[in-house]
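Asks: fold the following.
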Amino acid sequence: MRLAPQLVLAFGFVAASSVAGLGLALRWERHESETQRFEQEVRSACDRVVAELGRQGESDRKLIGGACQAGELVDRALIWMQAGTLDDRRLALSRLVPEERQAFDFDELLLARGDGDVLGQDPLGRLPATAADVAKLVAGDASHWTLRTGPEPALVSRCRKAGPGGGPGVALVGARQLGPVAGRLGKTVDVKVTLAATSIDAPEVAQHSCLLTDAAGASIPVVVSKPKDALYETLARVDRAVVVAGLAAALLALVLAVALARYIRGPIAELAIEARKVVSGQARPLRVHGTGEIAELGRAFDTMLVDLDATRQRLAATSRIAAWREVARRVAHEVKNPLAPIQAAVETLRRLRARQDPQFDGYFDEATRTVLDEVHRISSIVTEFTRFARLPAPRPQQMDVVELVRQVVGLHATEAGGVRLRVAVQGTPPPVRADRDQVVQVLTNLVQNALDAVKDQGQAGEVEIAVAADGPARVAVTVRDNGPGIAPEMASRLFEPYATTKAHGTGLGLAIAQRIAIEHGGELSCDEGRVGTRGATFRLLLSVDGPPVIT
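Replies: You can find the predicted model right below:
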């Protein structure tokens, strides 16, 4: 299996397992928290119902107390008792009790004397029937509300007002049934409230029981229950959210895995393709950007290609130089052999012509001059080629490249005519170890070629020689001109012997210059990006440490 599918499967498995584990843990935690929250809500509802019932009892007690202190019903009963007309007015008094009950919004209301004599009640039959029971009810604690725990549980409140002269007073007792009050409170807090000690055995219902207790210690169980439909809906939403989040996370992880696999696979596949082309010399740099091991691998491969190309060029140039060196020796040997007899024959013929020999008049003079001119030309070519073949080894010494460039430019300033010849120095280039004479020969050749290229342009011609450091170990000298440029068909033959477009040139200048650069541990190159356009750029690189030892 290839790398990309393996990465996708690995990342997919890790992402799926991680998301599944996290989702299950989150689901369990949310289920627990939501269940606890729901149960706490039911418990809080029970506590709220009990608290509200207690507040209702206290409110009833204050209402009854106010009726005894300033109520018309109690005051009338006391006045009629004092006047001795209570028995005659008992019916009228009893008719006022229902109106008072409705005004107080009680379920039950009793008006009686302290000795248990009932003066009026509403509704009838709800309160104790005997005078002793009524007296006991009236004599209860008036400072607190109490609970009636009978078949109809109720909140009971009472008040008493003493009669004149210490006689039996009048008491008012009100009761509020708990059932309707608890029902209304349950609707308010969205629960069902029952007054019973039994619980509902249903798993789909949550319930909680608490006690409503009065000051005397009597208590009534209050059971609050609530269906779990809302809880189940909340848990279902949690499950859906967890599933959706899990699927989204898994999909995102899968997309990232595919993107990462492509990001890694692309450079590696390209590296493999280009690596197969290294032997044939067709490999090209990957140009990988960014950080990380893949980018470092790509940059290392690019550096290797550059070094390999430079090494290949050096080997090719060295091979060409060695081949042409052998050719130069043979050509020099073959050409120089006939020079001496040709010269001797020509001189003999000229001497005969000098004696005015009629056989040679008008013929040998012209022939002799032609032969002598050709011999001189052959001698020049042989001399130049021999110089190329027997170029001496560099004799390096410490020198300032900027100063040397200025000297060479100064020597050519007079023959530049109207051409602008200038030197540009970037930064502070370090000194180098090189053979001064050979470097001058290279610079002279480059400057002279540039001047020849722009001489027809007059004052529009321009030649620039730029000197700059090329890293910490090399110095670069760049010669640019704005001449007609290099023809594409000459680009690949620039540094070959006898490759020239000049009518008066031998074609050995750039070949000798490149050999000098290589033997100095540097290189001489032409900017191939400008081939076929106007202007030419040649770049000479010299090593700061000097040339290697040449044997």
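Asks: pretty sure residue 134 is touching residue 119, no?
Replies: No - Residue 134 is not in contact with residue 119 according to C-beta atoms under 8 Å; the separation is 10.2 Å. C-beta coordinates here come from the backbone N, C-alpha and C atoms, glycine included.
Asks: which neighbours do the two share?
Replies: Counting by C-beta atoms under 8 Å, 6 or more residues apart in numbering, the contacts common to residue 134 and residue 119 are residue 112.
Asks: all strands of the stretch 1-150 of the chain, in order?
Replies: Taking DSSP state E, counting those that start in this stretch, the strands of the stretch 1-150 of the chain run over residues 108-113, 118-122, 146-148.
Asks: same thing with the stretch 301-450 of the chain?
Replies: Ranges of strands in the stretch 301-450 of the chain, per DSSP E, counting those that start in this stretch, are 397-399, 420-426, 432-434.
Asks: from those strands, which stretch is densest packed?
Replies: Comparing the strands of the stretch 301-450 of the chain by mean neighbour count (mean count of other C-beta atoms under 10 Å), strand 432-434 ranks first with a mean of 24.
Asks: next one: it to chain centre, how far?
Replies: 49 Å (C-alpha atoms, centre = their mean, to the nearest Å).
Asks: now swap in stretch 393-403 and tell me
Replies: That offset, for stretch 393-403, works out to 52 Å (C-alpha atoms, centre = their mean).
Asks: need the residues that contact it.
Replies: Applying C-beta under 8 Å, 6+ apart, the set of residues contacting stretch 393-403 from outside is 423, 425, 429, 431-436, 438-439, 467, 475, 477, 516, 519-520, 542, 546-547, 550.
Asks: now list the buried members of these.
Replies: 429, 432-435, 438-439, 467, 475, 477, 516, 519-520, 542, 546-547 (16 or more other C-beta atoms under 10 Å).
Asks: closest to residue 354 out of the residues you listed?
Replies: Taking C-beta to C-beta as the measure, residue 354 lies nearest residue 438 of those, at 46.0 Å.
Asks: mind checking the SS state of the closest residue to the closest one other than its chain neighbours?
Replies: In this structure, residue 438 finds its nearest non-sequential neighbour in residue 516, 4.6 Å apart by C-beta to C-beta, 6 or more residues apart in numbering. The three-state assignment at residue 516 reads helix, by DSSP: H, G, I helix; E, B strand; the rest coil.
Asks: measure residue 516 to residue 522 for me?
Replies: Note on residue 516: its distance to residue 522, by C-beta to C-beta, to the nearest Å, is 9 Å.
Asks: and if you look at residue 234?
Replies: As judged by C-beta to C-beta, residue 234 and residue 522 stand 79 Å apart.
Asks: neighbour count winner among those two?
Replies: residue 522 (26 against 17; other C-beta atoms under 10 Å).
Asks: circling back: among the buried ones among the contacts of stretch 393-403, which are located in helices?
Replies: Assigned to helices by DSSP state H, the following of the buried ones among the contacts of stretch 393-403 qualify: 438-439, 516, 519.
Asks: and those residues as TSV, adding pLDDT and distance to residue 210?
Replies: Output for these, formatted as TSV (pLDDT from 0 to 100; distance: C-beta to C-beta, whole Å):
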residue	pLDDT	distance to residue 210
438	90	109
439	91	106
516	88	107
519	87	105
